[in-house]
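[1] Next input, structure requested:
(chains A and B)
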Amino acid sequence: MNYQSRADLGGQAVNARVVPEAEGDLFHAAWERQALALTLAMGATGVWNIDMSRSARETLPGYRSLTYYEIWIHALERLLMEHRLVGADELAAGRMLGKARSGLRVLRAVDVPATLATGAPTQRPPTVPPRFAIGEPVRTRATPVAHHTRLPEYARGKTGRIDQIRGVHVFADAHAHGLGEQPQWLYTVVFSARELWGNDAAAGHSVSIDAWEPYLESQR
Amino acid sequence: MSHTHPADEPSVITGMDLRVRALRTVLEQKGYIDPAALDVLIETYESKIGPRNGARVVARAWVDAVFRRWLLEDGTAAIASLGYAGRQGEQIVALENTASLHNLVVCTLCSCYPWPVLGLPPTWYKSAAYRARAVKDPRGVLADFGVTLPDETQIRVWDSTAEVRYLVIPRRPPGTADLPEEQLAALVTRDSMIGTGFPKTPDSDP
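    Okay, the predicted model is just below:
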């Protein structure tokens, strides 16, 4: 399996400044509004899940050269084609050429407020106790994996400690690949900046990630 | 509230305009989308769900010690009691800044952000520069926002790598003891709830 995320940016050498923005500046072109709405509306059909969406975006070959909403549109087109809802010929023509897939759960205007208010909670009831306790030292998985994952590269093979236990959550690594929810305990794991970036890092700087149990092994 | 954005309307039709228009037409003709739902989605995030929601949460925490305690113990429930919940905020954790600790929130892997309380993320939050640098050089990133912290202040960066969403509760500005809750909320900036800014003070420019 050949899988490469181009979205794992933490700690990468990017020298650009961060450019602040006024509170109301949400969209920078009219089509960006449509990109948001189309993505949310198609997401609500439930044909794919949010982890599949993230996976479709992060593996786009042009990820680093696209703007945010360009990424959304490219990934949406890709998901639509992969799930055979739309053909490449139809996107090129800008009109329907083949039959529509039936039975889709179409998001209606009247249902938008309730749909947004519910969201898609990922917490599930525990069936086993958590393996780790608050304060326990843990080491993160050191090896890269050839699938979608939410363990950033900068935090691979690092020693931190369990800061909080966040409950049992749908496991993104499995869910992104259509392997079901496979819920796992989720922890906030905190690292000193020196563990992550070396001894030049400031002493009073720490970084935490939210890590599912399979990412972690005990350091006791 | 209606919005017009004349500056956004393209004077020339770009490739993305055409591409998105084509996509929307196909999806409409296939019956996969309700065009009216698209309008409601846009309207919701342009005028209903945005950082003023989070500002009300922060102001309540500043004036109500019982609410503050609840917010820090169970952010999701305390925030839901003010009517904010749902998509991209199914589980919200509030992070309180103190004299000795400053919290900063990022998503290095994509753009995870607490939508019910802050709305859609700003462009910089989604940028490669912020996502790359916030975890490694938070003081440098803060400097880009004109924010300087004392050397002895501890900085905790929260990388939103799962479905937990984080809301920073900034410190209440000095000189606000007599202000009512609504005026306090007006001082709370979006950036202060991400950790890249401070709330306004009563004497700062309007």
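
[2] First residue to last residue on stretch A:163-176, what's the distance there?
    From its first residue to its last, stretch A:163-176 covers 26 Å (Cα to Cα, to the nearest Å).

[3] from the middle of its chain, how far away would that stretch be?
    12 Å (Cα atoms, centre = their mean, to the nearest Å).

[4] Identify the residue spatially nearest to the residue of chain A most remote from its centre, adjacent ones excluded.
    The outermost residue of chain A relative to its centre, with distances by Cα atoms, centre = their mean, is A:L97 at 32.6 Å. With Cβ to Cβ, 6 or more residues apart in numbering or on different chains as the measure, A:E90 is the residue that lies nearest to A:L97, at 5.0 Å, once sequence neighbours are left out. Where C-beta positions appear, they are placed from N, C-alpha and C, glycine not excepted.

[5] Let's verify the one you found: helix, strand, or coil?
    Secondary structure, DSSP: H, G, I helix; E, B strand; the rest coil: A:E90 is helix.

[6] who are the neighbours in contact with it?
    A:96-98, B:26 (Cβ atoms under 8 Å, 6 or more residues apart in numbering or on different chains).

[7] Keep only those of those residues that are in helices.
    Counting by DSSP state H, those place B:V26 in helices.

[8] Next one: the most centrally placed residue in chain B from chain A, what distance?
    The centroid of chain B falls nearest to B:L118 when counting by Cα atoms, centre = their mean (3.1 Å). The gap separating B:L118 from chain A is 10 Å, by Cβ to the nearest Cβ, to the nearest Å.

[9] could you list every residue that touches that residue?
    Contacts of B:L118 by Cβ under 8 Å, 6+ apart are B:50-51, B:53-54, B:167, B:190, B:193-194.

[10] Next, give phi and psi for it.
    Per-residue torsions, B:L118: phi -120, psi -10 (degrees, to the nearest 10).

[11] Which pLDDT value goes with it?
    B:L118 is assigned 98 on the pLDDT scale.

[12] for B:S204, same thing?
    For B:S204, the predicted pLDDT is 75.

[13] Helix, strand, or coil at it?
    Here B:S204 is recorded as coil under three-state DSSP.

[14] what's the neighbour count on it?
    10 (other Cβ atoms under 10 Å in any protein chain shown).

[15] picking up where we left off before, if I pick the residue farthest from the centre of chain A, what's in contact with it?
    Per Cβ under 8 Å, 6+ apart, neighbours of A:L97: A:87, A:89-90.

[16] SS state for the residue most central in space within chain A?
    Central residue of chain A (Cα atoms, centre = their mean): A:R54, 4.5 Å from the mean position. Put simply, A:R54 is helix when judged by three-state DSSP.

[17] Please report how far the residue nearest to the centre of chain B lies from B:V188.
    11 Å (Cβ to Cβ, to the nearest Å).

[18] What of B:Y125?
    The gap separating B:Y125 from B:V188 is 17 Å, by Cβ to Cβ.

[19] Check B:M16 too.
    On the measure of Cβ to Cβ, B:M16 and B:V188 end up 34 Å apart.

[20] When the two are compared, which one has more neighbours?
    Legend: neighbour count by other Cβ under 10 Å for B:M16 and B:V188, higher for B:V188 (26 against 19).

[21] I'd say the more buried one and B:V58 touch.
    Yes. Contact criterion Cβ atoms under 8 Å: B:V188 and B:V58 qualify, at 4.6 Å.

[22] how many neighbours does residue 29 have?
    In the absence of a named chain, this looks at chain A. Neighbours of A:A29 (other Cβ under 10 Å): 19.

[23] try chain B instead
    Residues lying near B:Q29 (other Cβ under 10 Å) number 15.

[24] Quick check, pLDDT for it.
    98.

[25] any chance you could map the helices in chain A?
    Secondary structure of chain A (DSSP H): helices at A:30-43, A:50-58, A:68-82, A:88-93, A:112-118, A:172-175, A:193-197.

[26] Show me the contact partners of the longest one.
    Contact partners of helix A:68-82, identified using Cβ under 8 Å, 6+ apart, comprise A:31-32, A:35-36, A:38-39, A:42, A:47-48, A:52-53, A:56-57, A:60, A:62-63, A:66, A:86-88, A:91, B:16, B:19-20, B:23, B:27, B:111, B:123, B:126.

[27] Check those residues for burial and list the buried ones.
    Buried members of these, counted by 16 or more other Cβ atoms under 10 Å in any protein chain shown: A:31-32, A:35-36, A:38-39, A:42, A:47-48, A:52-53, A:56-57, A:60, A:63, A:66, A:86, A:91, B:16, B:19-20, B:23, B:27, B:111, B:123, B:126.

[28] Now do A:R150: how many residues are near it, please.
    25.

[29] typed the wrong thing, it's A:R105
    Neighbours of A:R105 using other Cβ under 10 Å come to 11.

[30] A:T45 now?
    Quick note: A:T45 (other Cβ under 10 Å) scores 17 neighbours.

[31] likewise A:P61?
    Neighbour number of A:P61 under other Cβ under 10 Å is 10.

[32] how much space is there between it and A:I73?
    From A:P61 across to A:I73, the span is 15 Å (Cβ to Cβ).

[33] Likewise for A:L66?
    9 Å.

[34] where does chain B dip in pLDDT?
    Along chain B, segments meeting pLDDT under 70 span B:1-12, B:205-206.

[35] now do 50
    Applying pLDDT under 50 to chain B flags residues B:1-7, B:10.

[36] Domain-wise, how is chain A divided?
    A:30-118, A:123-218 (automatic domain parsing).

[37] As TSV, the ones you listed with distance to B:D34 would be great.
    Output for the domains of chain A, formatted as TSV (distance: least, Cβ to Cβ, whole Å):
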stretch	distance to B:D34
domain A:30-118	5
domain A:123-218	27
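
[38] Next, format the ones you listed as TSV and append distance to A:Q12 and mean pLDDT.
    What follows is the domains of chain A, written out as TSV (distance: least, Cβ to Cβ, whole Å; pLDDT from 0 to 100):
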stretch	distance to A:Q12	mean pLDDT
domain A:30-118	10	97
domain A:123-218	8	97
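
[39] do the lengthiest strand in chain A and chain B meet at all?
    In chain A, with assignment by DSSP state E, the single longest strand is strand A:159-169. Yes. Applying Cβ under 8 Å from any Cβ of the partner chain, one finds strand A:159-169 touching chain B at A:164, A:166-167, A:169.

[40] now those residues as CSV including distance to A:E217?
    Below are the residues of strand A:159-169 next to chain B laid out as CSV (distance: Cβ to Cβ, whole Å):
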residue, distance to A:E217
A:Q164, 18
A:R166, 18
A:G167, 20
A:H169, 19
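
[41] ranking the residues you listed by neighbours, who comes first?
    A:H169 (24 neighbours).
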